[in-house]
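Trainee: need a 3D model of the sequence below.
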Amino acid sequence: MKKASGEAVDGRGKKNKPAATISRPAQIDRLLSANATVQMDAVRRAAKGQGADAAPVDADAERVLFRAMIDQVPDYLFVKDTASRFVIANRAVAADLGRKPDELIGLTDFSFHPSKHAHKFYADEQELMRTGEALIDIEDLIIDPDGKEKWFATSKVPLRDDQNRIIGLVGVCRDITDRKHAEAQIHFMALHDSLTGLPNRTLFMDRLTQGILLSDRTGQRITVIFIDLDNFKTVNDSLGHDAGDTLLKVVAERMTTAVRASDTVARMGGDEFVILLADQAENASTTSAILEKIRAAIAEPIEIKRQSFRVTGSIGVAGYPEHGTDAETLLLNADIAMYEAKAKGRDNLQLYTKGIDDAARERRLLQDHLLAAISNKEFSLLYQPQIDLGTGRIFAVEALVRWNHPALGEISPGKFIPLAEENRLIVPLGNWVLREACRQNKAWQDAGLDPITVCVNVSARQMSEAGWVGQVTGILLETGLEPRYLELELTESMLMHDVNQAVDVMTQLQALGVNFAIDDFGTGYSSLSALKNFPVIRLKIDQSFIANLTSDPDDQNIAKAVILLGQNLNMRVIAEGVETEEQLAFLREHHCDEAQGYHFSRPVQPDAIVALLRAGTAIA
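Mentor: Numbers count the residues shown, from 1 in each chain. Next up is the predicted model:
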């Protein structure tokens, strides 16, 4: 903005006379002079210790001292006449307006500020002088001659003569720009995620509510998308939280780019994001295209610390008004749909339906009961025999947890184990299973049965717990079971989350005598170079390759490859899910070492294992 010329403009936008020809009204001059004289006399007398009858100081000196005094004040001080023209201004005012103090005399705000602001100042001041009511701490946004925005807290009070007539006003301004910026930052932080800069839940819900109101007027659709990153924990665990933060910021930027400027991408916390698609036409194909664009953006490889990662998203979708008529319900139903997508194997997209709502309510009900179930002793273990195909005899049993709820009845492990994983209850549940399996195996030995191995599944969360080696050691000491009769089953994908940590934990427990098996082998993405480093004695062929073993050439080739791999690495190979004689014949033909499945025995109670062991006969 250009600096003002030497001409003044009145409140009606008309030019006044040049500043040089304008002088202060006589009554203002007399008032200021008298006021200055009285104040300066008092100052000088106090400084010299003189009494009240001391001679007054020179008027010109008083003016100099008065000018020096107001120029030392960092705030903006000024006096205006009844036409809102500057009569007095201190150095702070003049410097900010690019002038010397005397150059301001006779000018108005129209000389320095945009017309919109100047008209407001003029109207406020004229109202003040008409009514005599002061303006205190009024916050104004001002644009200075250089075009910079500044905030001021301004107080203006009427200036009266000795007959109490209003002859102008006195103003004090304080620059509060830094404070306003800090307030704006605090306001931004209250409504945005500190890591990604995206709107947070509070701001998202406000925009969703406003979007619903707008949709009611325009008839345009609203879609809420709830996204949970599937593989985020892998990056966090393997490279640390800084790498995890980097991934979140990259994904946030990609999702923002994938949608329109009128849409909202927000972070709910952790690895959860929500997107509001507003102002949509009644066109399902348009929404589908945007959803696929979002999925593709998330799934692009991300390089962090010279390693490439690919994350995917489980996505739930809910639309207004068919899936909810208020913001909370819409968000909840999109969340429910997201969990259904994740339950179907991740990297999935699920539209909300009433059916999955019922499933979600069941999940929440189970979640509420899950923690109490451990202390209430509602869990029990069944044991499925594992058979040595060379001798046909039982050499081990796998411990399988079951939940028998007093009101809901028997609950499938496929329902409660994923829930326990999500809510970190898998750690106390897993520790209970380990303790009970060790106790039961020692009880069989104390009853005089031939020693066998008990196999226990271990979750990734358990293994990553600090001090988990000590927990296993403590359970073995508590139950009295020798470590060589315990085998821990770890999934292939779990081991690959953090190879170094897995090897370290397994090596410590192997030194005690505990054995390890890789469960569901063939379903993960482990490399042979990593596999040879694990202290594993057994590979377990996943039952998905056994089900169609006699008819599917691909499954046959995979089974033969795993058996051959185990032989070359000096590992035993066991096939799970064996249900037919034909499957068993194929496994024997290709020298598979061991097997388990319904063909031999279903999971049974501990007493049934006692009967099988005491019978001592081959069952294969």
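
Trainee: quick one: Lys120 from Thr154, how far?
Mentor: 11 Å (C-beta to C-beta, to the nearest Å). Heads up, the C-betas are built off the backbone N, CA and C, glycines and all.

Trainee: more neighbours, these two?
Mentor: Taking other C-beta atoms under 10 Å, Lys120 and Thr154 do not tie; Thr154 has more neighbours (20 against 13).

Trainee: wait, that one touches Leu169, no?
Mentor: No. Between Thr154 and Leu169 there is no contact under C-beta atoms under 8 Å: 10.9 Å.

Trainee: which helix or strand contains the nearest residue to Val469 once chain neighbours are set aside?
Mentor: Leaving aside its sequence neighbours, Val469 sits nearest to Gln508 (C-beta to C-beta, 6 or more residues apart in numbering; 4.8 Å). Using DSSP states H and E, Gln508 maps to helix 499-512.

Trainee: output the helix or strand that that helix is followed by as CSV - backbone C-alpha positions only.
Mentor: For helix 499-512, the succeeding helix or strand toward the C-terminus, using DSSP H and E, is strand 515-521. Extracted in CSV, the C-alpha atoms of strand 515-521 (Å, rounded to 0.1, in the frame of the first residue of the first chain):
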residue,chain,number,x,y,z
ASN,A,515,11.5,-75.5,21.2
PHE,A,516,10.0,-73.4,18.4
ALA,A,517,7.8,-74.1,15.4
ILE,A,518,6.7,-71.8,12.5
ASP,A,519,2.9,-72.1,12.3
ASP,A,520,0.9,-71.5,9.0
PHE,A,521,4.1,-71.8,7.0
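
Trainee: pairing partners for strand 515-521, with directions?
Mentor: strand 486-491 (parallel), strand 538-541 (parallel) (DSSP bridges).

Trainee: follow-up on the earlier one: just checking, what packs against the helix holding Gln508?
Mentor: Applying 3 or more C-beta pairs under 8 Å, 6 or more residues apart in numbering; DSSP states H and E, one finds that helix 499-512 contacts helix 460-464, helix 468-479, strand 486-491, strand 515-521.

Trainee: got the angle for the third one vs helix 468-479?
Mentor: It refers to strand 486-491. With axes from the mean of the first three to the mean of the last three C-alpha atoms, to 10 degrees applied, the angle from strand 486-491 to helix 468-479 works out at 150 degrees.

Trainee: Met69 and Asp175, how far apart?
Mentor: Using C-beta to C-beta, Met69 is found at 20 Å from Asp175.

Trainee: repeat for Ile304
Mentor: 44 Å.

Trainee: contacting residues around stretch 564-577?
Mentor: 386, 517, 528, 531-532, 536-544, 546-547, 559, 562-563, 583, 587, 591-597 (C-beta atoms under 8 Å, 6 or more residues apart in numbering).

Trainee: just put the strands paired with strand 515-521 in JSON lines and tack on distance to Ala407, mean neighbour count and mean pLDDT.
Mentor: Shown next, in JSON lines, are those (distance: least, C-beta to C-beta, whole Å; neighbours: other C-beta atoms under 10 Å; pLDDT from 0 to 100):
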{"stretch": "strand 486-491", "distance to Ala407": "32", "mean neighbour count": "21", "mean pLDDT": "92"}
{"stretch": "strand 538-541", "distance to Ala407": "35", "mean neighbour count": "25", "mean pLDDT": "92"}
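
Trainee: distance to Asn200 for these - can I get that in TSV?
Mentor: What follows is those, written out as TSV (distance: least, C-beta to C-beta, whole Å):
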stretch	distance to Asn200
strand 486-491	35
strand 538-541	45
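
Trainee: out of the ones you listed, which is closest to Ala318?
Mentor: Proximity to Ala318 (C-beta to C-beta) singles out strand 486-491 among the strands paired with strand 515-521, at 32.8 Å.
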